[in-house]
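Asks: need a structure here:
(one chain, ligands or ions: 1)
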Amino acid sequence: MNEVRTRFAPSPTGYLHIGGLRTALYAYLFAKKNGGKFILRIEDTDRERYVPGSVEIIYSTLKDAGLIYDEGPDVGGDYGPYIQSERKNAYLEYAKKLVENGNAYYCFCTKERLEHLHESGATKYDKHCASLSKEEVEMRLKRGDSYVIRQNIPETGSTTYTDMVFGDITVENKELEDNILIKSDGMPTYNFANVIDDHLMGINYVIRGVEYLSSTPKYNLLYDGLGWERPHYIHLQPIMRDATHKLSKRYGDASYEDFIKKGFLKEAIVNYIALLGWSSKDNVEKFSLTELVDKFDLSGISHSPSIFDERKMTYINSLYVKEMTGDAFHKYACRFYGDYEYLRGYNLEFLSTLLHSRVEVFTDIGKLTHFLLEFDGYDLDLMNNAKWKTDRNVAKGMMDGLIELTENDFDNLHDALVAFGEKNGYKKGQVLWVYRIALTGAQSTPGGAVEMAVLLGKDESLNRLKITKQRLCE
Ligand code: GLU
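Replies: Numbering: from 1, shown residues only. Reported below is the predicted structural model:
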């Protein structure tokens, strides 16, 4: 077997979307699994959709996610250039070859004629220029008439190929249109460029979205017309936002970068998107990229769309967070601490030890530490606890004692709280409950009563206890 060569061919139209990254991941996995090469090609011929800066985002996202391409615009390779707009000159030559052997033709139809055709109910181009004589074509080219080059699709028969996921795909030729290959500005269309580039770059496995499944017969006719071997095809079902909507940039669905900002780890993102359209034989769902390379196989690719489930990705992320060492967790958490102004001044290393077992995604830090920012005015009914037979009245009765022991025995707080309970006929859990609520005003906190006091420090603890007392007495 020839060396496997796959490619990811994004158009630089904005952020790298999760669906695009999934395509890149599968192309990477298939290449690496087979000891082959993974290539990045930028398809930027549609200048109207071009968004400045998006090429750089594609480079950095792929690298960050670990999808290291063997060849690409910024890393070079033997089949460059890897940016379509820099390959402009190659395409015309092949289009002319197709004209010579009857698989394409020059078309001089004016915009007005095409509009008229459309208005008269035609669903596709009517091959008007396919029958122009050679002499007329030459004369008009010499005269400088504006032209495009169109593919000349046979009017009868059908075209079949075998997709490695979907099996045999047959399209009646009469369903296909004589699409434009070269536009009037000399630029190729996607329909043409993808074929020429894939061939010239030696791509033998084309992995892409299912929206290209039905155009592929057209592309195959181009391969045939140029006497080239067709590649293998693997088309992927879309990732859906819900049962009826595709995940899409248009709906503001998240990109890789957004998920990183939301506090997902790159390993977890890659792991989760691998599962969006593929499953391993043994139903394992957590794997490193290296394990994925090992396990990936085409038989696991799904025939139906998958639904993006952020809850599940969060769960997978939490597994990765738990596996981090304390140091690694703290280091990563520090990227987020800066977003919460109110954390300044706290012992963040200590905070990290409290948060580590509770954070599922790193932006949980906000939720879990919100009590540090907002304390006044919390609902005093939080003191209610059936298990500890506690309510705001019981709490009121404890407050003087709690303030006193905090004042005098802060360094030995746990024992002081226990002794206070014993002396005054309260259960230990009851005291700890009231103390924790009185300090934080929060139902759940990233640690117990003593840990919260240590985090807040003696002064702030006293301050908060006094506020709570005052409110209980009002
Ligand atoms: N540039 C195309 C896209 O972004 C790539 C399609 C393909 O992989 O052939 O959809």
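
Asks: Where does the prediction get shaky in this protein?
Replies: 1, 249-253 (pLDDT under 70).

Asks: Show me what from this structure comes close to the ligand.
Replies: The chain comes close to the ligand at residues 9-11, 43, 194, 208, 212, as judged by CB under 6 Å from any ligand atom. For glycine as for every other residue, the C-beta is placed from the backbone atoms N, C-alpha and C.

Asks: any idea how far V418 is from P231?
Replies: Distance of V418 to P231, given as CB to CB, to the nearest Å: 73 Å.

Asks: ok, now S133?
Replies: Distance from S133 to P231, by CB to CB: 36 Å.

Asks: Could you check which of those two has the larger neighbour count?
Replies: Set S133 next to P231 and count neighbours by other CB atoms under 10 Å: P231 wins out with 23 against 8.

Asks: any chance you could map the strands in this structure?
Replies: 5-8, 37-40, 104-107, 148-151, 158-163, 167-172, 180-182, 205-209, 232-236, 239-240, 306-307 (DSSP state E).

Asks: got the buried residues for the fifth one?
Replies: Buried residues in strand 158-163, counting neighbours by 16 or more other CB atoms under 10 Å, are found at 159, 161, 163.

Asks: longest helix in this protein, by residue count?
Replies: Across the chain, the helix with the greatest residue count (assigned by DSSP state H) is helix 449-473.

Asks: Can you tell me which helices and strands that one packs against?
Replies: Other helices and strands packing on helix 449-473, by 3 or more CB pairs under 8 Å, 6 or more residues apart in numbering; DSSP states H and E, are helix 348-355, helix 392-409, helix 413-424, helix 428-440.

Asks: Contacts for it, please.
Replies: Helix 449-473 is contacted by residues 346-347, 350-351, 354, 372, 375-376, 380, 392, 395-396, 399-400, 402-403, 406-407, 410, 413-414, 417, 432-433, 435-441, 445, 447 when judged by CB atoms under 8 Å, 6 or more residues apart in numbering.

Asks: Would you show me how to pick out the buried ones of these in ChimeraX?
Replies: To isolate the buried ones among the contacts of helix 449-473 in ChimeraX, judged by 16+ other CB under 10 Å, type:
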select :346,351,354,372,375,380,392,395,396,399,402,403,406,410,413,417,432,433,435,436,437,438,439,440,441,445,447
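
Asks: now stretch 121-134, how far from the chain's geometric center?
Replies: 43 Å (CA atoms, centre = their mean, to the nearest Å).

Asks: What would it look like as CSV? C-alpha coordinates only.
Replies: Extracted C-alpha coordinates of stretch 121-134, given in CSV (Å, rounded to 0.1, in the frame of the first residue of the first chain):
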residue,chain,number,x,y,z
GLY,A,121,-37.3,27.9,-14.7
ALA,A,122,-34.1,26.1,-15.6
THR,A,123,-32.6,24.4,-12.6
LYS,A,124,-29.1,24.1,-14.0
TYR,A,125,-27.0,25.5,-16.8
ASP,A,126,-28.2,24.4,-20.2
LYS,A,127,-24.8,23.5,-21.8
HIS,A,128,-25.3,26.3,-24.3
CYS,A,129,-21.6,26.9,-24.8
ALA,A,130,-20.6,23.3,-24.9
SER,A,131,-21.6,23.2,-28.5
LEU,A,132,-19.6,26.3,-29.7
SER,A,133,-17.2,25.5,-32.5
LYS,A,134,-13.5,25.5,-31.8
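
Asks: Just the buried positions in it, please.
Replies: Neighbour-count burial for stretch 121-134 flags 125, 129-130, 132 (criterion: 16+ other CB under 10 Å).

Asks: Spit out the contact partners of the residue in the stretch 201-350 of the chain that the ligand sits nearest to.
Replies: In the stretch 201-350 of the chain, the residue that lies nearest the ligand is R208 (3.4 Å; CB to the nearest ligand atom). Counting by CB under 8 Å, 6+ apart, R208 touches 9, 23, 234-236.

Asks: ok, now V284?
Replies: Neighbour list for V284: K295 [criterion: CB under 8 Å, 6+ apart].

Asks: Ramachandran angles for it?
Replies: With angles defined as degrees, to the nearest 10, V284 sits at phi -70, psi 150.

Asks: returning to what we had before: minimum distance to K218: which of the strands of the chain has it?
Replies: With CB to CB as the measure, strand 148-151 is the member of the strands of the chain nearest K218 (6.7 Å).

Asks: Which elements pack onto the closest one?
Replies: Contacting strand 148-151 under the criterion 3+ CB pairs under 8 Å, 6+ apart are the following elements: helix 88-100, strand 104-107, strand 180-182, helix 216-225.

Asks: want to try TSV for those, with mean neighbour count as columns?
Replies: Output for the helices and strands packed on strand 148-151, formatted as TSV (neighbours: other CB atoms under 10 Å):
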stretch	mean neighbour count
helix 88-100	16
strand 104-107	23
strand 180-182	24
helix 216-225	20
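
Asks: now those as CSV including distance to L462?
Replies: Listed next are the helices and strands packed on strand 148-151 as CSV, based on distance: least, CB to CB, whole Å:
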stretch, distance to L462
helix 88-100, 73
strand 104-107, 84
strand 180-182, 77
helix 216-225, 72
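
Asks: about what we covered before: from the buried residues of strand 158-163, pick the one nearest Y69.
Replies: Closest to Y69, out of all of those and judged by CB to CB, is D163, at 24.0 Å.

Asks: How far does stretch 271-291 sit from its chain's centre?
Replies: 15 Å.

Asks: Buried ones in that stretch, by neighbour count?
Replies: For stretch 271-291, using 16+ other CB under 10 Å, the buried residues are 271-280, 287, 289.

Asks: Can you give me the neighbour number for D379?
Replies: When neighbours are counted by other CB under 10 Å, D379 comes out with 11.

Asks: how near is the closest residue in space to it that isn't next to it in sequence to Y346?
Replies: Leaving aside its sequence neighbours, D379 sits nearest to G441 (CB to CB, 6 or more residues apart in numbering; 7.9 Å). According to CB to CB, G441 stands 17 Å off from Y346.
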